[in-house]
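Trainee: Let's see this in three dimensions:
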Amino acid sequence: MSLLGLIIAVVSLDLWSKWAIKSSLRLYQSKPIIQDFFHLTYVTNDGMAFGLSFPGGKFFLLSLILLLTAFITGLLWKERDGHHLVKYGLALILSGAIGNLVDRIINGNVVDFLDFMIGNFHWYIFNVADSAVTVGMVLFIYHSIILEKKESIKNSLP
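Mentor: Predicted coordinates:
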């Protein structure tokens, strides 16, 4: 799949899934899919990741997100001939950033709905865009820490 196709697919899935949740659940309503493990729970987040607030308010946060999205776009362009894990990792990060940015611009907040729990442990509720950013970061970090280190060692051998 091309990078542009991946970005379009992830952003589309993210925006569609948020629309579907908003259309089928009331705010704070939860629907068990696998009882006491996975629920669809409709919540909104007007802060950063994990519901953290950002000093400076919503306008500053939106400005920062726009700058970071532009930075990731530039980095992806710079790495267009780079390793596939870097390119796909950056494309997933960019997809998630765009999905949440569109949601934030249109609604003033981000819709979250994927709700996992095990016993008393309850993870933060998240969405498709958050998942794309996480997977993208894992790919990017794996390449940066593991593969580049192996390549560096291989190139330093006589």
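Trainee: could you give the mean pLDDT of the helix or strand that Leu64 is a member of?
Mentor: Element membership of Leu64, judged by DSSP states H and E, is helix 57-78. For helix 57-78, mean pLDDT is 86.
Trainee: average model confidence for the very next helix or strand once past it?
Mentor: For helix 57-78, the following helix or strand on the C-terminal side (DSSP H and E) is helix 84-107. The pLDDT scores in helix 84-107 average 94.
Trainee: so helix 84-107 versus helix 57-78, what angle?
Mentor: 150 degrees (axes from the mean of the first three to the mean of the last three C-alpha atoms, to 10 degrees).
Trainee: ok, residues contacting the helix or strand that helix 84-107 is followed by?
Mentor: Later in the chain than helix 84-107, the nearest helix or strand by DSSP H and E is strand 110-118. Contact with strand 110-118 is made by 17-18, 21-22, 25, 30, 36-46, 100, 103-104, 122-131, as judged by C-beta atoms under 8 Å, 6 or more residues apart in numbering. Yep, even glycine has a C-beta here, placed from its N, CA and C like the rest.
Trainee: Next: stretch 6-24.
Mentor: With C-beta under 8 Å, 6+ apart, stretch 6-24 has contacts from 1, 40, 42, 88, 91-92, 94-96, 98-100, 102-103, 111, 113, 127-129, 132.
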